[in-house]
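> Sharing a model prediction with you, sequence too.
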Amino acid sequence: MVADDGLPVTLTDRVTRLAKARARLAEVKDAVSGARYIWEQKHTDLLLNEAAAISELAAADQALRQAVVVWFTLTGETKPTTGVEVVQKTVLKYEDAPALEWAKGAGVALKLDAKTFEKIAPTLGLPFVTVSKEPSVRVATTLPLE
């Protein structure tokens, strides 16, 4: 084998090159890990503040979504306030066995393709399928602070 520079290259040369590259990466990863550890020790308060902010965000998001679902249930309003919208998503509940039997009988499958089945099932009036609407809350990524 010949390298781009025209010099012969053996498989042993390539193995050695790979081994050196792996060793170099291990050294760099160790250095990054050590630097990260030192940085984390130095900035513990900042990292704790970040964790608290993440937790606060999750709690605020969950509380808003729950309140909007309650509001929607009581009023039917789909846009209760700026940056928040309720959309109805179709939810199907069915047992796989009768759905598969239907699919086989309809000649559409030997195996239940749930994605395709769930697209067409709401229009078929199948006795083993319950179709319902559930509210799903969408919150804009940019919300007014006041």
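Ah, there it is.
> so where is the chain shaky, pLDDT-wise?
The model of the chain has pLDDT under 70 over residues 1-8, 109.
> At which residues are the strands of the chain located?
84-94, 129-139 (DSSP state E).
> Now tabulate those strands in JSON lines and tack on mean neighbour count.
C-beta here means a position set from N, CA and C on the backbone, and glycine is covered the same way. Listed next are these as JSON lines, based on neighbours: other Cβ atoms under 10 Å:
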{"stretch": "strand 84-94", "mean neighbour count": "14"}
{"stretch": "strand 129-139", "mean neighbour count": "14"}
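> Now tabulate those in CSV and tack on distance to Ala21.
What follows is the strands of the chain, written out as CSV (distance: least, Cβ to Cβ, whole Å):
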stretch, distance to Ala21
strand 84-94, 49
strand 129-139, 46
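> Which one of these lies nearest to Arg14?
Of all these, strand 129-139 sits nearest to Arg14, with 53.5 Å by Cβ to Cβ.
> and the closest one with strand 84-94, angle?
160 degrees (axes from the mean of the first three to the mean of the last three Cα atoms, to 10 degrees).
> Need the contact partners of strand 129-139.
The contact list for strand 129-139, computed with Cβ atoms under 8 Å, 6 or more residues apart in numbering, reads 61, 64-65, 68-69, 72-73, 83-94, 99, 121-122.
> go with 6 Å
With contacts defined as Cβ atoms under 6 Å, 6 or more residues apart in numbering, strand 129-139 is touched by 65, 68-69, 72, 84-89, 91-94, 121-122.
> of all those, which two lie farthest apart?
Val84 and Tyr94 (31.4 Å).
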